[in-house]
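Asker: give me coordinates for this.
(one chain, ligands or ions: 2)
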Amino acid sequence: MLTLYSDSHRLQHGRSELIDGTLKPCFETPSRADMVLAAVRERDLGDVIHPRRHGLAPILRVHDEGYVRFLETAWQRWTALGRDCDALPKMWQIRRLRETVPEQVEGQLCYYSMDCGTPITAGTWQAATAAADAALTGAERLIGGERAVFALTRPPGHHAASDYCGGYCFFNNAAIAAQALRDHGMRRVAVLDVDYHHGNGTQDIFYRRSDVLFLSIHGDPRTEYPFFLGHADEKGEDEGLGYNFNFPLAAGSCVSTWFFALDCALEQIARFGADALVVSLGVDTFRGDPISRFQLETPDFTTLGARLAGLKLPTLFCLEGGYAVGPIGDNVANVLCGFEARA
Ligand SMILES: NCCCNCCCCCC(O)(O)C(F)(F)F
Ligand SMILES: [Zn+2]
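Answerer: Ligands and ions are numbered 1, 2, ... in the order given. Got it, this is the predicted structure:
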């Protein structure tokens, strides 16, 4: 299996995020990608290549132009205020406040952010565009006939909606890839999100569409981040009604419960008649994950890969979360090797 990887991910390295009332070092660190890359190489999964540059057009097929321009200029405008700390919002446009876009960068940072855990830094733009290029190059390879490709995307993407960043995400790599697959002839694309956290951004992007099926297995938003999307009754709207499936599971759910939800999701993908599958591959479902509460063990990720191969679809894996840095390489590589063994 081919891996797309850019060293530019290293340019995204926030200093801190607000967790449980205090600023703590970011969990989403460059070392995560280093460990995954090392495991991919150690397991001899296949070639590792640098993504092709795709420019902004395919990103703008998913993301709002005002948001993209904000991301492109935020750091320069932030430092022009005399600041050199990470750019983090200090409030949100909450219920019944005006939904107008502020002119100044500080207000726009609040308008275009979902949380205060997603610092914009000097290298964010370059890192985020490189991650999108990895996903797009992966989609391009599927269009060209590859059966399966791994985009080692960092920063992750599934919390980013068309016009906001959050949850360590800036560009929705999986959604950008799914749209590119649609733009290059795949009639029906399924996006399966197996990260511990609900892919609110991906759901939001495709919620009113029937050409992209979105499914997510995640910690129940009644207690788990991102709290405000991901309930089972969210089934799509308008054209998209019936093309959105959420499988919220109680924190602490056992492995068999998780795999039962996976089998339900795979059944829906088969019924949809997908031409391609994009997997938002987060491995924070791991029992040892520091910020998540599922119970998968490292061998379970091999089982996950094998189950996904059973769909017999051209498949693009986009890396999302996973914060147990020691085991992350094995957990991700197990999915990919489990897939290959059954493909
Ligand atoms: N007490 C827990 C605080 C949680 N704070 C934010 C969690 C963000 C999760 C990000 C992710 O893992 O979903 C992604 F895949 F996007 F990286
Ligand atoms: Zn996650």
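Asker: mind listing the helices for the chain?
Answerer: Under the criterion DSSP state H, the chain contains helices at 30-42, 57-60, 65-79, 105-111, 124-143, 173-183, 200-206, 255-272, 298-309, 325-342.
Asker: same list, the ones you listed, but as JSON lines with distance to ligand 1 and mean neighbour count please.
Answerer: In short, each C-beta sits where N, CA and C put it, glycine included. Below are the helices of the chain laid out as JSON lines (distance: least, Cβ to the nearest ligand atom, whole Å; neighbours: other Cβ atoms under 10 Å):
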{"stretch": "helix 30-42", "distance to ligand 1": "9", "mean neighbour count": "19"}
{"stretch": "helix 57-60", "distance to ligand 1": "17", "mean neighbour count": "17"}
{"stretch": "helix 65-79", "distance to ligand 1": "16", "mean neighbour count": "17"}
{"stretch": "helix 105-111", "distance to ligand 1": "17", "mean neighbour count": "19"}
{"stretch": "helix 124-143", "distance to ligand 1": "11", "mean neighbour count": "25"}
{"stretch": "helix 173-183", "distance to ligand 1": "10", "mean neighbour count": "28"}
{"stretch": "helix 200-206", "distance to ligand 1": "9", "mean neighbour count": "26"}
{"stretch": "helix 255-272", "distance to ligand 1": "16", "mean neighbour count": "16"}
{"stretch": "helix 298-309", "distance to ligand 1": "15", "mean neighbour count": "20"}
{"stretch": "helix 325-342", "distance to ligand 1": "11", "mean neighbour count": "21"}
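Asker: now those in CSV, with mean pLDDT and distance to ligand 2?
Answerer: What follows is the helices of the chain, written out as CSV (pLDDT from 0 to 100; distance: least, Cβ to the ion, whole Å):
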stretch, mean pLDDT, distance to ligand 2
helix 30-42, 98, 12
helix 57-60, 98, 22
helix 65-79, 98, 21
helix 105-111, 98, 23
helix 124-143, 98, 15
helix 173-183, 99, 13
helix 200-206, 99, 11
helix 255-272, 98, 14
helix 298-309, 98, 15
helix 325-342, 97, 12
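Asker: switch those helices over to JSON lines; also include distance to Arg154.
Answerer: Shown next, in JSON lines, are the helices of the chain (distance: least, Cβ to Cβ, whole Å):
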{"stretch": "helix 30-42", "distance to Arg154": "4"}
{"stretch": "helix 57-60", "distance to Arg154": "16"}
{"stretch": "helix 65-79", "distance to Arg154": "16"}
{"stretch": "helix 105-111", "distance to Arg154": "22"}
{"stretch": "helix 124-143", "distance to Arg154": "6"}
{"stretch": "helix 173-183", "distance to Arg154": "9"}
{"stretch": "helix 200-206", "distance to Arg154": "16"}
{"stretch": "helix 255-272", "distance to Arg154": "24"}
{"stretch": "helix 298-309", "distance to Arg154": "18"}
{"stretch": "helix 325-342", "distance to Arg154": "11"}
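Asker: which residues are in contact with Ala309?
Answerer: Ala309 makes contact with 315, 338-343 under the criterion Cβ atoms under 8 Å, 6 or more residues apart in numbering.
Asker: just Arg147 next, same as before
Answerer: With Cβ under 8 Å, 6+ apart, Arg147 has these contacts: 314-315, 343.
Asker: tell me which residue lies farthest from the centre of the protein.
Answerer: Note on the chain: the largest C-alpha distance from the chain mean falls to Gly82, namely 32.3 Å (Cα atoms, centre = their mean).
Asker: could you pull up phi and psi at that residue?
Answerer: When read as degrees, to the nearest 10, the backbone of Gly82 gives phi 90, psi 10.
Asker: next step: the contacts of Arg147 restricted to strands.
Answerer: Counting by DSSP state E, these place Thr315 in strands.
Asker: between the contacts of Arg147, which sits nearest Tyr225?
Answerer: Nearest to Tyr225 out of the contacts of Arg147 is Thr315 (Cβ to Cβ; 26.8 Å).
Asker: surely that closest one is in contact with Asp275?
Answerer: No - applying Cβ atoms under 8 Å, one finds Thr315 not in contact with Asp275, separated by 11.3 Å.
Asker: which one of those two is surrounded by more residues?
Answerer: Each of Thr315 and Asp275 has its neighbours counted (other Cβ atoms under 10 Å); Thr315 has more, 27 against 16.
Asker: the more buried one: what's it in contact with?
Answerer: 142, 147-149, 276-279, 308-309, 339.
Asker: dump those into TSV; add distance to His63 as well.
Answerer: Formatted as TSV, the contacts of Thr315 follow (distance: Cβ to Cβ, whole Å):
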residue	distance to His63
Leu142	21
Arg147	29
Ala148	26
Val149	22
Ala276	21
Leu277	22
Val278	16
Val279	21
Leu308	27
Ala309	31
Phe339	29
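Asker: please see if stretch 149-161 touches ligand 2.
Answerer: No - judged by Cβ under 5 Å from the ion, stretch 149-161 stays clear of ligand 2, getting no closer than 7.5 Å.
Asker: and that stretch, how far out from the chain middle?
Answerer: Distance of stretch 149-161 from the chain centroid (Cα atoms, centre = their mean, to the nearest Å) equals 4 Å.
Asker: end-to-end on it?
Answerer: Start-to-end span of stretch 149-161 (Cα to Cα, to the nearest Å) is 24 Å.
Asker: appreciated, that's everything.
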